[in-house]
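> I'll drop the sequence and a predicted model, then ask my questions.
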Amino acid sequence: MIDRRKFLQLPLAAAPALLALRVDGQDRKSLLGSQIQAAKPVVVSTWDSGVTANKAAWPILRKNGHAIDAVEAGGRASEDEPSCCVGLDAWPDRDGNVTLDACIMNGNGDCGGVSFLERIKHPVSVARKVMENTPHVLLSGKGAQEFAVANGFNLESGELSSAARKEWQEWLKKSEYKPRVNVENRKPPKGILQFAPYYFENGKPNHDTMGSLALDAAGGLAGMVTTSGMAFKMHGRVGDSPVIGAGLFVDNEVGAATSSGVGEEVIRICGTHTVVEQMRFGRSPELACREGIRRIVKRDPVKAKELQVGFVAISRIGQIGGFAVQKGFTFTVTNEQYPEGKVFEAKSWF
């Protein structure tokens, strides 16, 4: 009788036989041929601004530290950096409140998350406390805030940054919630962001999400996501970022995936779980990400042309790939080969 581990390895062994097949008119071999094979340890984060997260995560991995510690450090660095637009300096919701979402997950299935969290500087670390100190997976709102304070996190003032207040007051003049994809000019307005997210309102950043995946020297996987969500969203809105299986999924036997984009669309297909399961069946990270995007586009092809979602994934053997609805989705890889971080642009459906 075949054991479970050998069974899980069968689809991977069969992968070369799949290369001759075609998917939606594209040769699988052309898709698989663009994979990044990274030596472990390695960390990959969404967007050009992943350089910030990776810079904090890499020293831990380089010293043979654990992947979970590395991704938490990367998340905290992003939350501290105003240019990343994921922490308390980010744009608020339509009522003028900054609400934060985050999650963290180990390759053995341990996970924790927080959503609709206000006035706490490092939601990714609160998410880890949820994972380690409670029987729960997700805490939200006032309960998450009370838990954070009880575990030693400071309750911040809640005042908007001057830049965020200015943009919120400008938005209030029309109060229109119409995020649009800008794929022609990814350069951010001077003085607002060091790196450009993909959503803009009148040439100004609307939202960003930071997701990081790490493979440590011992072969352990972990991931985290942290975000302020969509700017000027409805008060109480929560996207995919804190939802395990939507914004993040990690499995040491297969790989890990994270997402960035319109969270509602990712939730509808259980996006990152879908990507990891596709890798379990033998698809490469890029082709697995592409399948997730295909499902989003197929659900509403017209709507898909006006939105962005990007997935990035890493296999347990260090293959890395990504795919997006629109052009312009990037991810940053850092390891011994790319110690300063190298930015790659993912292929896209449109």
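Sure thing, it's come through. Numbering: from 1, shown residues only.
> gap between residue 348 and residue 330?
11 Å (Cβ to Cβ, to the nearest Å). Any C-beta I mention is one placed from the backbone N, CA and C, and that applies to glycine too.
> ok, the two, which is more surrounded?
residue 330 (23 against 18; other Cβ atoms under 10 Å).
> doesn't residue 121 make contact with residue 154?
Yes. Look at residue 154 against residue 121 with Cβ atoms under 8 Å: they come within range, at 6.9 Å.
> so between these two, which is more surrounded?
residue 121 (18 against 11).
> and that one, which of the three is it?
Secondary structure for residue 121, judged by DSSP: H, G, I helix; E, B strand; the rest coil, is coil.
> wait, doesn't it sit right on residue 79?
Yes. With contact defined as Cβ under 8 Å, residue 121 reaches residue 79; the gap is 6.5 Å.
> where do the helices sit along the stretch 101-250 of the chain?
123-133, 141-150, 162-172 (DSSP state H, counting those that start in this stretch).
> for these, which one sits closest to residue 95?
Of all the helices of the stretch 101-250 of the chain, it is helix 162-172 that lies closest to residue 95, at 9.3 Å by Cβ to Cβ.
> what comes up buried for the closest one?
163, 164, 167, 168, 171 (16 or more other Cβ atoms under 10 Å).
> any idea how far the first one lies from residue 109?
The one in question is residue 163. Residue 163 is 39 Å from residue 109, by Cβ to Cβ.
> ok, now the last one?
As defined by Cβ to Cβ, residue 171 lies at a distance of 40 Å from residue 109.
> over to residue 262?
Counting by Cβ to Cβ, the gap from residue 262 to residue 109 is 27 Å.
> same check, this time on residue 144
21 Å.
> ok, now residue 258?
Applying Cβ to Cβ, the value for residue 258 to residue 109 is 16 Å.
> cool, and residue 318?
Where residue 109 is concerned, residue 318 sits at a distance of 21 Å (Cβ to Cβ).
> do the same with residue 211
Taking Cβ to Cβ, one finds residue 211 at 18 Å from residue 109.
> looking at the two, which is more packed in?
residue 211 (34 against 11).
> and stretch 63-76, which residues are buried?
Buried, per 16+ other Cβ under 10 Å, within stretch 63-76: 65, 66, 67, 68, 69, 70, 71, 72, 73, 74, 75, 76.
> related to what we said a few turns ago, can I get the helices of the stretch 101-250 of the chain in a markdown table including distance to residue 113 and mean pLDDT?
Converted to a markdown table, those look like this (distance: least, Cβ to Cβ, whole Å; pLDDT from 0 to 100):
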| stretch | distance to residue 113 | mean pLDDT |
| --- | --- | --- |
| helix 123-133 | 5 | 98 |
| helix 141-150 | 9 | 98 |
| helix 162-172 | 24 | 88 |
